[in-house]
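Peer 1: Next one to model:
(one chain, ligands or ions: 2)
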Amino acid sequence: MSDMNLVVVGAAGRMGLTLVRAIHQIEGARVAAAIERPGSEAVGRDIGELAGIGNIGVAIGDDPLPAFAKADGVLDFTVPKASVEFAGYAAQARIAHVIGTTGCSPEDDAAIEAAARHAAIVKSGNMSLGVNLLSALVSQAAKALDAGFDIEVLEMHHRHKVDAPSGTALMLGEAAASGRKVDLRDNAVRSRDGHTGPRPQGSIGFATLRGGSVVGEHQVIFAGEGERIVLGHLAEDRTIFARGAVKAALWARCRKPGLYSMFDVLGISAA
Ligand SMILES: NC(=O)C1=CN([C@@H]2O[C@H](COP(=O)(O)OP(=O)(O)OC[C@H]3O[C@@H](n4cnc5c(N)ncnc54)[C@H](OP(=O)(O)O)[C@@H]3O)[C@@H](O)[C@H]2O)C=CC1
Ligand SMILES: O=C(O)C1=N[C@H](C(=O)O)C[C@H](O)C1
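Peer 2: Ligands and ions are numbered 1, 2, ... in the order given. Below is the predicted model of the structure:
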């Protein structure tokens, strides 16, 4: 099969540049186009030069439609509003769309699900192998432990991150809730301040730390009487997310339309 022609949207962002470097090293994929927001200072510059791999003859553009029309897939780590728009364009072009963007509202997710009727879309709050494996372990632990074990999800990210809790923290919270066979929406405690009263039994708590250049750290704590089980993941480099995203695109290339997760791509099954 010919190399997969990929469009990187949000190409000049932290993940966009990491994706361009990762694609450059992966056989079977190539950067066919790079897109940024209209008005971005990056428009017109060569994406390879910006990513530090030298000129690759791909100038950053600001018009996604013609780029999507000539491509086989899109890698998208941007912002929710843009990802919803890109999902619509990927559906029109009938090409694979990999969405790593976090912070989507239920309405955004519904729009993406609608687009997935016409395109193979892989969406995940974390594209790394490690976090997806962790998610399966969390689900198993939650299934094995009763509500006497309080579940808390702790995360830390760099100072530039704009959404909280992180997409990964929510994914791990969902895994814990599904292991316990409860709905996360009815049990999540996403912030605490002031006189909160005692911890509601069975709740799943979230704690968010922000600072410095931390790539991404997550812990799921099962706190019982006299003991704690702590499951965690430390991301040391954004390349783990980028490699996962390219793997997802190559996997999605020949799939029929639908909304898929990294569990589908990696062949991991929930507890
Ligand atoms: N699922 C996963 O594995 C991972 C997910 N993420 C998520 O990916 C997202 C991006 O993270 P990060 O790279 O750190 O963020 P950045 O802000 O560095 O990058 C986002 C890029 O998207 C651009 N952008 C915004 N709107 C548009 C648009 N309409 N068209 C084209 N480009 C646009 C931004 O441009 P400008 O700055 O000019 O607005 C920016 O260059 C976040 O939601 C983050 O949580 C991150 C890492 C891993
Ligand atoms: O914004 C980030 O940087 C990251 N976002 C994702 C998230 O919200 O969980 C994944 C990763 O932790 C890095």
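
Peer 1: is stretch 189-203 anywhere near ligand 2?
Peer 2: No: applying CB under 6 Å from any ligand atom, one finds stretch 189-203 separated from ligand 2 by no less than 13.9 Å. To be clear about C-beta, it is placed using only N, CA and C from the backbone, and glycine gets the same treatment.

Peer 1: Show the end-to-end separation of that stretch, please.
Peer 2: Distance across stretch 189-203, first residue to last, is 7 Å (CA to CA, to the nearest Å).

Peer 1: cool, stretch 143-160 as well?
Peer 2: 35 Å.

Peer 1: can I assume residue 86 is in contact with residue 71?
Peer 2: No: the pair residue 86 / residue 71 is not scored as a contact, 11.6 Å apart, by CB atoms under 8 Å.

Peer 1: Comparing those two, which shows the higher neighbour count?
Peer 2: Higher neighbour count among residue 86 and residue 71: residue 86, with 25 against 20, using other CB atoms under 10 Å.

Peer 1: in the helix or strand that one falls within, what counts as buried?
Peer 2: Per DSSP states H and E: residue 86 is located in helix 80-93. The neighbour-count check on helix 80-93 (16 or more other CB atoms under 10 Å) flags 80, 82-91, 93 as buried.

Peer 1: Keep those, but drop any that are not near ligand 1.
Peer 2: Applying CB under 6 Å from any ligand atom to these, those adjacent to ligand 1 are residue 82.

Peer 1: Of the buried residues of helix 80-93, which is the nearest to ligand 1?
Peer 2: residue 82 (3.5 Å; CB to the nearest ligand atom).

Peer 1: Enumerate the residues of the stretch 51-200 of the chain near ligand 2.
Peer 2: Counting by CB under 6 Å from any ligand atom, the stretch 51-200 of the chain sits next to ligand 2 at 102, 125-126, 157, 161, 166-168.

Peer 1: Which parts of this structure are strands?
Peer 2: 4-9, 29-35, 60-61, 73-76, 96-99, 120-123, 150-157, 188-189, 204-210, 216-223, 228-235, 258-260 (DSSP state E).

Peer 1: Dump the ones you listed to a markdown table, plus mean neighbour count and mean pLDDT.
Peer 2: Formatted as a markdown table, the strands of the chain follow (neighbours: other CB atoms under 10 Å; pLDDT from 0 to 100):
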| stretch | mean neighbour count | mean pLDDT |
| --- | --- | --- |
| strand 4-9 | 26 | 98 |
| strand 29-35 | 23 | 98 |
| strand 60-61 | 20 | 98 |
| strand 73-76 | 29 | 98 |
| strand 96-99 | 30 | 98 |
| strand 120-123 | 26 | 98 |
| strand 150-157 | 22 | 98 |
| strand 188-189 | 16 | 98 |
| strand 204-210 | 18 | 98 |
| strand 216-223 | 20 | 98 |
| strand 228-235 | 15 | 98 |
| strand 258-260 | 18 | 98 |
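
Peer 1: Can you check the pLDDT for the residue of the chain most remote from its centre?
Peer 2: Computed with CA atoms, centre = their mean, the residue of the chain farthest from its C-alpha average is residue 226, at 35.1 Å. Looking at residue 226, its pLDDT reads 98.

Peer 1: Start at 3, not 1
Peer 2: Sounds good: first residue 3 from here, last item residue 228.

Peer 1: residues touching it, list them.
Peer 2: Shown in contact with residue 228 (CB atoms under 8 Å, 6 or more residues apart in numbering): no residues.

Peer 1: which phi and psi does it have?
Peer 2: When read as degrees, to the nearest 10, the backbone of residue 228 gives phi 80, psi 0.

Peer 1: Which parts of this protein are helices?
Peer 2: For the chain, the helices defined by DSSP state H cover 16-27, 49-53, 66-71, 82-95, 108-117, 131-146, 169-182, 186-189, 241-254, 264-268.

Peer 1: Could you save those helices as CSV and add columns showing mean pLDDT?
Peer 2: Output for the helices of the chain, formatted as CSV (pLDDT from 0 to 100):
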stretch, mean pLDDT
helix 16-27, 98
helix 49-53, 98
helix 66-71, 98
helix 82-95, 98
helix 108-117, 98
helix 131-146, 98
helix 169-182, 98
helix 186-189, 98
helix 241-254, 98
helix 264-268, 98
